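Chemist: Output the structure for:
(one chain, ligands or ions: 1)
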Amino acid sequence: MRAAMDQLSDTPPPFKLIERNEFSYRKHIKQKEKDVNVCLCQYDVTDPDSACGERCLNVLTSTECTPGYCACDNYCKNQKFQKCEYAKVRVFKTEGRGWGLLADENIKAGQFVIEYCGEIISSKEARRRSQAYETEGLKDAYIFNLNSQESIDATRKGSLARFINHSCQPKCETRKWNVLGEVRVGIFAKQDIPAGTELSYDYNFEWFGGAKIRCLCGAPCCSGFLGAKSRGFQEATHLWEDDDDRYSVENVPLYDSEDDEPAKKFLQAIVPSKDMMITAKENKGFLRITDGPVSAVDTQLVPISVEPLSSIPMEIDEAKSETREDDNMYSQNAHQSFMRKSAMISRIRSNSACRNYHIESGPLSKTLPHYSGGKSKSHARKEVNARLIGEHLASAEAREEIYAFEETTKQAASRLDSLYDEIRPAIEEHERDTQDSVSTSFAEKWIEASCCKLKAEFDLYCAIIKNIACTPRRARDDISPQGEGTTDEIKFLENGQ
Ligand SMILES: C[S@@+](CC[C@H](N)C(=O)[O-])C[C@H]1O[C@@H](n2cnc3c(N)ncnc32)[C@H](O)[C@@H]1O
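Modeler: So this is what the prediction gives:
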């Protein structure tokens with residue numbers, strides 16, 4: 001029924017387009033001078049990044065510079081929320097998932113795409129409204145949990161970010177920024193996004209949905225429901241069921257294996273029909289607001305134009321672990337550990353004040369490499385067998401050096417593991433309870449231990465490379481039997497490369 005009705009309508013249900021959060025139950029915070037964070041950037045004409053680029057202290061702490069308090073003045077690049085520096089996007093019609101949002105230009109990894117704007121309401125009011133909307137029969141939910149006390153409701157008033165659908169394998173992620181004393185939510189690209197691609201983020205931690213909704217994102221790793229890990233989901237007690245695929249149990253496809261994944265079906269479903277496209281020029285004021293719950297219209301109105309869309313690139317995970325013969329010389333547990341820790345750091349990053357520290361290198365990076373051919377590969381983290389390499393070196397001193405660094409690396413890894421065990425209860429509690437209860441001190445400990453591990457690994461690899469380059473090999477007969485094998489390390493040593 002819902003799907004059929006969606007097909008008949010060529011504009012989304014009315015809402016008021018806003019580019020600033022609206023505060024109905026409390027006043028907007030007025031930033032006091034003592035609370036202004038002043039960065040140390042000085043604009044240097046030869047280095048555009050000097051004006052509050054990635055190295056800016058405020059950027060590093062997810063805080064926008066306050067106009068009048070930044071030495072870079074008009075050159076300051078760290079006022080993206082305040083200046084609404086959005087990427088070009090447009091609304092389009094999906095089949096089965098209502099309306100969605102497309103990139104209307106190429107978007108770079110890390111780029112600010114758009115702010116999730118709406119009405120700032122208390123959590124209590126969010127619960128009340130969520131039930132009221134459901135009673136009204138509104139099935140699309142637009143309430144975003146800002147923290148344990150407040151939510152953003154984009155149901156009646158919101159930015160175009162309200163059209164971004166959920167995906168379990170999303171192109172974007174949400175980040176909270178401190179802007180002039182208020183917390184604001186931005187949608188940021190997790191990877192390069194070509195024009196024409198549907199934008200998506202993972203609703204899991206911010207979802208305030210009412211009924212349980214079947215997820216139709218089509219990702220191989222799909223969790224089955226929208227926001228399955230969120231508080232709203234835990235509280236939801238029912239599945240909406242009618243003729244809409246999303247709410248109907250019978251229509252939910254079941255997959256026995258990864259081969260049954262709905263990639264092809266999803267591709268068909270996602271491509272909107274020719275006459276269902278809406279173009280939003282410059283991502284501003286694209287919709288006519290009709291008589292609805294909110295009557296005042298203060299947005300710029302532009303005509304809705306209809307455009308054909310030949311194809312929408314979409315993300316299909318073709319990642320299959322590439323198993324090579326020589327893979328067994330590396331630790332196979334490392335991949336699991338990598339995924340577990342990546343999820344961990346991802347949560348800390350997205351839910352605590354420290355979420356935007358850029359810990360991207362090494363085993364903790366949650367971003368899989370992106371290849372120009374558009375395919376992401378699933379990479380098992382490979383650990384070098386230092387002991388085996390040491391066995392092949394003639395110098396006892398070289399061997400000892402490598403073994404010492406290997407020991408330090410093990411200790412750093414074990415410290416990180418025990419920290420993980422220490423943090424896990426807090427995370428589990430956090431998932432059941434509020435969105436922002438992971439303390440900064442936990443996050444800091446985690447970051448520190450991660451850095452120690454990275455440094456230990458770096459030192460170990462340096463020692464290995466140095467000793468391989470400068471130390472003669474041992475005669476084959478001197479090498480203990482367990483040191484023998486056909487691993488890459490041995491080939492590497494034998495070829496003297
Ligand atoms: C914030 S709105 C997104 C825009 C919405 N599609 C629309 O038409 O306005 C969230 C709603 O979109 C739908 N939705 C988003 N992602 C979905 C998905 N992966 N599978 C099924 N429905 C989805 C659900 O109805 C959800 O309540």
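Chemist: Which residue ranges of this protein form strands?
Modeler: 16-17, 22-23, 89-93, 99-103, 112-115, 119-122, 143-145, 150-153, 157-158, 165-166, 172-179, 182-189, 200-201 (DSSP state E).
Chemist: Can you tell me which helices and strands the fourth one packs against?
Modeler: Identification of packing neighbours for strand 99-103 by 3 or more CB pairs under 8 Å, 6 or more residues apart in numbering; DSSP states H and E yields strand 89-93. In short, each C-beta sits where N, CA and C put it, glycine included.
Chemist: at 10 Å instead, please
Modeler: Secondary-structure packing of strand 99-103 (3 or more CB pairs under 10 Å, 6 or more residues apart in numbering; DSSP states H and E): strand 89-93, strand 112-115, strand 165-166.
Chemist: Using a markdown table, please lay out the ones you listed together with distance to the ligand, mean neighbour count and mean pLDDT.
Modeler: Shown next, in a markdown table, are the helices and strands packed on strand 99-103 (distance: least, CB to the nearest ligand atom, whole Å; neighbours: other CB atoms under 10 Å; pLDDT from 0 to 100):
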| stretch | distance to the ligand | mean neighbour count | mean pLDDT |
| --- | --- | --- | --- |
| strand 89-93 | 8 | 23 | 96 |
| strand 112-115 | 13 | 24 | 98 |
| strand 165-166 | 3 | 22 | 94 |
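Chemist: So which of those is nearest Leu180?
Modeler: strand 112-115 (13.2 Å; CB to CB).
Chemist: Which elements pack onto the closest one?
Modeler: On a contact count with 3+ CB pairs under 10 Å, 6+ apart, strand 112-115 meets strand 99-103, strand 172-179, strand 182-189.
Chemist: Most tightly packed of those?
Modeler: Sort these by mean neighbour count, taking mean count of other CB atoms under 10 Å, and strand 99-103 sits at the top with a mean of 23.
Chemist: ok, the nearest residue to Phe405 once chain neighbours are set aside - contacts?
Modeler: Excluding the flanking residues, the one nearest Phe405 by CB to CB, 6 or more residues apart in numbering is Leu460, at 4.0 Å. If you count contacts by CB atoms under 10 Å, 6 or more residues apart in numbering, Leu460 has them with 383-384, 386, 401-410, 412.
Chemist: quick check, nearest of these to the ligand?
Modeler: Glu383 (36.1 Å; CB to the nearest ligand atom).
Chemist: What does the pLDDT read for the closest one?
Modeler: We have a pLDDT of 61 for Glu383.
Chemist: sorry, back to before: take the helices and strands packed on strand 99-103 and lay them out in TSV including distance to Lys34.
Modeler: As requested, the helices and strands packed on strand 99-103 are exported to TSV (distance: least, CB to CB, whole Å):
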stretch	distance to Lys34
strand 89-93	37
strand 112-115	26
strand 165-166	40
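Chemist: quick one, which of those strands is nearest to Asp35?
Modeler: So among these, strand 112-115 is nearest, using CB to CB, at 21.1 Å.
Chemist: Let's see that closest one as PDB, backbone CA atoms only.
Modeler: Output in PDB follows, covering the C-alpha atoms of strand 112-115 (Å, rounded to 0.1, in the frame of the first residue of the first chain):
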ATOM      1  CA  PHE A 112      31.400  17.800   5.000                       C
ATOM      2  CA  VAL A 113      28.300  17.000   3.000                       C
ATOM      3  CA  ILE A 114      25.400  18.600   4.800                       C
ATOM      4  CA  GLU A 115      24.100  19.400   8.300                       C
END
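Chemist: Pull out the buried residues from stretch 54-73.
Modeler: Cys56, Asn58, Val59, Ser62, Thr63, Glu64, Cys65, Thr66, Cys70, Cys72 (16 or more other CB atoms under 10 Å).
Chemist: And those residues, which two are furthest apart?
Modeler: Checking the buried residues of stretch 54-73 with CB to CB, the most distant pair is Ser62 and Cys72, at 17.9 Å.
Chemist: Sketch out the low-pLDDT regions of the stretch 101-250 of the chain for me.
Modeler: 205-212, 227-250 (pLDDT under 70).
Chemist: what does it have sitting close to the ligand?
Modeler: 139-142, 162-163, 165-166, 209, 213, 215-217, 226, 246 (CB under 6 Å from any ligand atom).
Chemist: Please repeat the previous calculation with a cut-off of 8 Å.
Modeler: 101, 139-142, 154, 162-168, 200, 203, 209, 213-217, 226, 246 (CB under 8 Å from any ligand atom).
Chemist: Tally up the residues packed near whatever residue of the chain ends up closest to the ligand, please.
Modeler: For the chain, the residue closest to the ligand is Gly98, as judged by CB to the nearest ligand atom, at 2.5 Å. For Gly98, the neighbour count with other CB atoms under 10 Å is 18.
Chemist: and the gap between it and Ala141?
Modeler: For Gly98, the distance to Ala141 equals 11 Å [CB to CB, to the nearest Å].
Chemist: how near is the nearest residue to Ser151 once chain neighbours are set aside to Glu182?
Modeler: Spatially, and ignoring its direct neighbours in sequence, Ser151 is nearest to Ala126 (3.8 Å; CB to CB, 6+ apart). The gap separating Ala126 from Glu182 is 17 Å, by CB to CB.
Chemist: How about Gly96?
Modeler: 36 Å.
Chemist: now swap in Ile389 and tell me
Modeler: Using CB to CB, Ile389 is found at 54 Å from Glu182.
Chemist: One more: Asn37?
Modeler: 14 Å.
Chemist: Can you pull the residues that touch both of the two?
Modeler: Gln31.
Chemist: Arg184: what's it in contact with?
Modeler: Residues in contact with Arg184 (CB under 10 Å, 6+ apart) are 20-21, 62, 64, 81-82, 115-117, 120, 146, 152, 175-178.
Chemist: make it 8 Å
Modeler: Asn21, Phe81, Glu115, Lys176, Trp177, Asn178 (CB atoms under 8 Å, 6 or more residues apart in numbering).
Chemist: what do you get for Gln149?
Modeler: Contacts of Gln149 (CB under 8 Å, 6+ apart): Ser122, Ser123.
Chemist: how about 6 Å then?
Modeler: Ser123 (CB atoms under 6 Å, 6 or more residues apart in numbering).
Chemist: give the contact list for the closest residue to Tyr75 other than its chain neighbours.
Modeler: Closest residue in space to Tyr75, ignoring its immediate chain neighbours: Ala51 at 3.9 Å, by CB to CB, 6+ apart. Counting by CB under 6 Å, 6+ apart, Ala51 touches Tyr43, Cys72, Tyr75, Cys76, Lys77.
Chemist: Okay, Ala51 and Pro67: tell me how far apart.
Modeler: Computed as CB to CB, the Ala51 to Pro67 distance reads 13 Å.
Chemist: give me the number of residues near Lys108?
Modeler: The number of residues packed near Lys108 is 10, by other CB under 10 Å.
Chemist: for the residue nearest to it when sequence neighbours are not counted, phi and psi?
Modeler: Excluding the flanking residues, the one nearest Lys108 by CB to CB, 6+ apart is Asp192, at 5.9 Å. When read as degrees, to the nearest 10, the backbone of Asp192 gives phi -60, psi 130.
Chemist: what's the domain layout of this protein?
Modeler: The chain is divided into the following domains under automatic domain parsing: 2-25+81-283, 325-495.
Chemist: just the helices in the chain please.
Modeler: Using DSSP state H, the helices found in the chain span residues 2-8, 57-60, 123-136, 231-235, 263-270, 333-351, 386-391, 396-432, 440-470, 488-495.
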